[in-house]
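Visitor: Next come a sequence and a model predicted from it.
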Amino acid sequence: SQKIEQNSEALNIQEGKTATLTCNYTNYSPAYLQWYRQDPGRGPVFLLLIRENEKEKRKERLKVTFDTTLKQSLFHITASQPADSATYLCALGAGSYQLTFGKGTKLSVIP
Amino acid sequence: GAVVSQHPSWVICKSGTSVKIECRSLDFQATTMFWYRQFPKQSLMLMATSNEGSKATYEQGVEKDKFLINHASLTLSTLTVTSAHPEDSSFYICSAERGFGYNEQFFGPGTRLTVL
């Protein structure tokens, strides 16, 4: 069965450093991968989408890589700020538009 | 743009009652809407996929007679939890897909359901 693992349940990082979150998957060949941010008691907010034929995507301080050989995506937040503290979800999708979500990594940026 | 609203944001009900949750795409037409359920510290679990004007497609293990979905227009989908029980208490989130080749989903703020 499809399995998505996000490297750790929680990650603490010092303000100003680069946060790196990992998403690994097995038994799946996604057409695209997405990253979302979720704050407590709120719905997820879309951040970035990367397709299977793309290696890297950037948006402001965010960078996502997608390695279909390793079956892994890395999500980077550079110059992290306390306001970046949230749970980050990776989600895999195929042509049907349905998404399969990981459990998320709770990022805490310490001032 | 691409704002999705949900109503109510939270609801508390007695066991055995039915609860309706609305999901609206405010500034775009959503060809497809999705309903998810999320338990604490768990991932979002897809319950059903809803296309305007047709019957919803339910994921394995989700009772279609208990979780009634109506997608009457391109901007509104409703989820009715019938005869709710305490185990139905959860965070219900809808999302809307814009279509036309866009794959990102826009999520509503969620509805916290507590069944006493």
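Guide: Yes, it's here.
Visitor: outside of stretch B:56-71, which residues touch it?
Guide: Contact with stretch B:56-71 is made by B:33, B:35, B:45-54, B:77-83, as judged by CB atoms under 8 Å, 6 or more residues apart in numbering or on different chains. Placement of C-beta: from N, CA and C, glycine included.
Visitor: Pull out the buried residues from those.
Guide: Neighbour-count burial (16 or more other CB atoms under 10 Å in any protein chain shown) applied to the contacts of stretch B:56-71 gives B:33, B:35, B:45-52, B:77-79, B:81.
Visitor: Dump the strand or helix carrying residue B:68 to PDB, keeping only the CA atoms.
Guide: If you go by DSSP states H and E, residue B:68 is part of strand B:67-73. In PDB, the C-alpha atoms belonging to strand B:67-73 read as follows (Å, rounded to 0.1, in the frame of the first residue of the first chain):
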ATOM      1  CA  PHE B  67     -21.800  10.900   5.500                       C
ATOM      2  CA  LEU B  68     -24.200  12.400   2.900                       C
ATOM      3  CA  ILE B  69     -22.500  14.700   0.300                       C
ATOM      4  CA  ASN B  70     -24.400  17.000  -2.000                       C
ATOM      5  CA  HIS B  71     -22.600  19.100  -4.600                       C
ATOM      6  CA  ALA B  72     -25.500  21.200  -6.000                       C
ATOM      7  CA  SER B  73     -23.500  23.900  -7.700                       C
END
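Visitor: Name the residues of it that are buried.
Guide: Using 16+ other CB under 10 Å as the burial criterion, the residues of strand B:67-73 that qualify are B:67, B:68, B:69, B:71.
Visitor: next SSE after that strand?
Guide: strand B:76-81.
Visitor: Quick one: list the elements packing against that following strand.
Guide: Helices and strands touching strand B:76-81, by 3 or more CB pairs under 8 Å, 6 or more residues apart in numbering or on different chains; DSSP states H and E, are strand B:19-25, strand B:32-38, strand B:67-73, strand B:90-99.
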